[in-house]
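A.B. asks: everything below, folded, please.
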Amino acid sequence: MIRAGRQHLVRTLADLAAQRGVGIDRYTRLKPYEAAGFPAPVSSPESRTRLYDGEQVDAYLLGKPVPPLPEPEVEDDGDLLDRRECAALLGISPRSWDIYKNDPALTEARIEAGGVDHWPRHAVKTFQENRPGRDAAATRGGRPTRTGDQVPRDQVPELTAELLDADPTISAATVTARLGVHRDTAQQALTRLRADRIADHIENHPTLTPAEAAAQLGYPAGQVRRAAARAGTVLRARRAAPYLADVATALHRAGWTTEQAAPDVQLPGDDRVVAALVLDVDQAPAPALVWDERYGWRTATSRRHPITKGAVPPPEDEGVRYLTGGITPPPGDVVAALTS
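C.D. replies: As a prediction, this is how the structure comes out:
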């Protein structure tokens with residue numbers, strides 16, 4: 001971090017190279033900053049841009065005692081923190097900070113030092129205290145003010161996982177308020193995360209029921225009924241995975257797929273396991289093959305959307321054919337049924 005009142009002393013590696021009268025390429029090849037006694041960077045260890053305190057560097061080059069900086073444990077509200085240090089202060093990942101920093105209060109407080117964005121400690125602490133959803137989430141239940149939909153869908157699971165790690169009892173309303181996403185998006189992310197973790201816990205403790213595993217993980221009974229049910233489906237999907245992979249291998253060997261891709265496994269409605277295998281070769285007997293744990297294999301007419309919506313199986317007609325042989329016929333029998 002850049003200590004309070006020392007922003008004007010910040011120097012980059014380019015500044016240090018110019019001070020020595022050499023180019024930056026030569027300076028980084030020589031690496032004089034790795035010599036014993038050279039002052040440590042004031043930037044965080046993982047930062048791509050090294051920043052140094054100029055007063056410390058000058059003292060070192062003159063052979064004088066290097067003046068110490070305050071210990072890391074000594075905090076000043078005027079300290080400038082980079083993105084990793086801000087994230088650590090809030091107890092989140094740097095990627096999460098990259099979203100939170102778009103809050104208008106933090107945008108206004110941002111300071112550039114040495115070409116790197118920093119934020120005063122007091123601004124980060126104030127944001128933490130007033131963070132949308134911290135106190136009002138349970139009663140407001142809506143999106144945080146001033147933020148809108150700032151979180152891309154692909155980042156919602158990771159950010160929700162961090163919130164769930166910090167508070168196993170967190171509700172969808174709180175996730176909605178913290179991340180600024182739709183309530184349904186928050187509920188879906190929480191349900192899937194809890195279901196996966198319940199399934200993991202049961203695999204490590206096979207005698208537990210989903211409800212017992214949820215209780216041991218600290219999940220409130222009133223919030224996890226759907227997650228507990230989905231956890232059972234997740235476990236069945238994991239048990240079916242080796243079999244589905246074997247069928248995929250057999251179809252590839254038959255020359256009906258160009259790649260030995262893993263089946264696309266889905267859990268529609270959270271209560272059943274369905275998998276699709278696209279047959280992307282022109283001479284394949286069908287565009288795709290679908291496996292449903294209720295009735296086994298059938299052909300599909302669409303490569304793009306082989307799994308149909310709804311719980312009712314599609315009727316057998318032109319292009320849709322249910323293969324005989326039970327729920328899990330041997331892979332060779334699946335290939336034979338397709339050619340018959």
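
A.B. asks: report the buried residues of stretch 93-103.
C.D. replies: Buried residues in stretch 93-103, counting neighbours by 16 or more other CB atoms under 10 Å, are found at 93, 96-97, 99-101, 103. Heads up, the C-betas are built off the backbone N, CA and C, glycines and all.

A.B. asks: got a list of what Arg321 touches?
C.D. replies: The contact partners of Arg321, taken as CB atoms under 8 Å, 6 or more residues apart in numbering, are 286, 298-299.

A.B. asks: one more time with 10 Å
C.D. replies: 285-286, 297-300, 337-338 (CB atoms under 10 Å, 6 or more residues apart in numbering).

A.B. asks: pick out the most distant pair among these.
C.D. replies: Longest distance between any two of the contacts of Arg321 is 14.6 Å, between Ala300 and Ala337; criterion CB to CB.

A.B. asks: can you report how many residues lie near Val124?
C.D. replies: Around Val124 there are 24 other residues, counting by other CB atoms under 10 Å.

A.B. asks: now do it against Ala109, distance only.
C.D. replies: 8 Å (CB to CB, to the nearest Å).

A.B. asks: could you do Gly255 as well?
C.D. replies: Taking CB to CB as the measure, Gly255 falls 62 Å from Ala109.

A.B. asks: compare neighbour counts for those two and give me the winner.
C.D. replies: Remark: of Gly255 and Ala109, Ala109 carries more neighbours, 17 against 11, as counted by other CB under 10 Å.

A.B. asks: if we can go back for a sec, shared neighbours, Val124 and Ala109?
C.D. replies: With CB under 10 Å, 6+ apart as the test, Val124 and Ala109 both reach Lys101.

A.B. asks: just for the stretch 151-300 of the chain, where's the confidence low?
C.D. replies: Along the stretch 151-300 of the chain, segments meeting pLDDT under 70 span 151.

A.B. asks: which non-adjacent residue is nearest Ala227?
C.D. replies: Among residues not flanking Ala227 along the chain, Arg194 sits closest, at 3.8 Å (CB to CB, 6 or more residues apart in numbering).

A.B. asks: who touches the one you found in this structure?
C.D. replies: Counted by CB under 10 Å, 6+ apart, Arg194 has contacts 164, 168, 213-214, 217, 219, 223-224, 226-228, 230-231.

A.B. asks: only the buried subset of those, as a PyMOL command please.
C.D. replies: Buried residues within these, by 16+ other CB under 10 Å, are selected in PyMOL with:
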select buried, resi 164+213+214+217+219+223+224+226+227+228+230+231
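
A.B. asks: of the contacts of Arg194, just say which sits nearest to Ala261.
C.D. replies: The nearest member of these to Ala261, counting by CB to CB, is Arg230 at 24.8 Å.

A.B. asks: confirm for me that Pro263 is in contact with Leu279.
C.D. replies: No - if you go by CB atoms under 10 Å, Pro263 and Leu279 don't touch, sitting 12.0 Å apart.

A.B. asks: tell me which of those two has more neighbours.
C.D. replies: Remark: of Pro263 and Leu279, Leu279 carries more neighbours, 24 against 21, as counted by other CB under 10 Å.

A.B. asks: and that one, its phi and psi?
C.D. replies: Dihedral pair for Leu279: phi -100, psi 100, per degrees, to the nearest 10.

A.B. asks: next up, the contacts around it.
C.D. replies: Contacts here follow CB under 10 Å, 6+ apart; on that basis Leu279 touches 251-252, 254-258, 285-289, 299-300, 303, 306, 338.

A.B. asks: now it: how far from Ala245?
C.D. replies: Separation of Leu279 from Ala245 (CB to CB): 16 Å.

A.B. asks: now do Asp271
C.D. replies: To Ala245, Asp271 is 23 Å away according to CB to CB.

A.B. asks: who's more crowded, these two?
C.D. replies: Neighbours per residue (other CB under 10 Å) separate Asp271 from Ala245, with Ala245 holding more: 16 against 12.

A.B. asks: right, and the helix or strand after whichever strand or helix holds that one?
C.D. replies: In the assignment (DSSP states H and E), Ala245 maps to helix 225-253. Heading C-terminal from helix 225-253, the first helix or strand you meet, by DSSP H and E, is strand 264-266.

A.B. asks: follow-up on the earlier one: let me have the buried residues of stretch 93-103 in TSV, adding secondary structure, pLDDT and distance to Pro330 as columns.
C.D. replies: Shown next, in TSV, are these (DSSP: H, G, I helix; E, B strand; the rest coil; pLDDT from 0 to 100; distance: CB to CB, whole Å):
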residue	secondary structure	pLDDT	distance to Pro330
Ser93	coil	82	45
Ser96	helix	82	47
Trp97	helix	87	52
Ile99	helix	81	49
Tyr100	helix	83	53
Lys101	coil	87	55
Asp103	coil	82	57
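
A.B. asks: outside of stretch 122-129, which residues touch it?
C.D. replies: Residues from elsewhere that reach stretch 122-129 (CB under 10 Å, 6+ apart): 4, 75-81, 85-87, 89-91, 97, 100-101, 103, 105-106, 108-111, 119-120, 134-135.

A.B. asks: typed the wrong thing, it's stretch 6-21
C.D. replies: Against stretch 6-21 from outside (CB under 10 Å, 6+ apart): 2-3, 22-28, 30-33, 38, 41-43, 49-58, 61, 69-70, 78-80, 111-116, 118.
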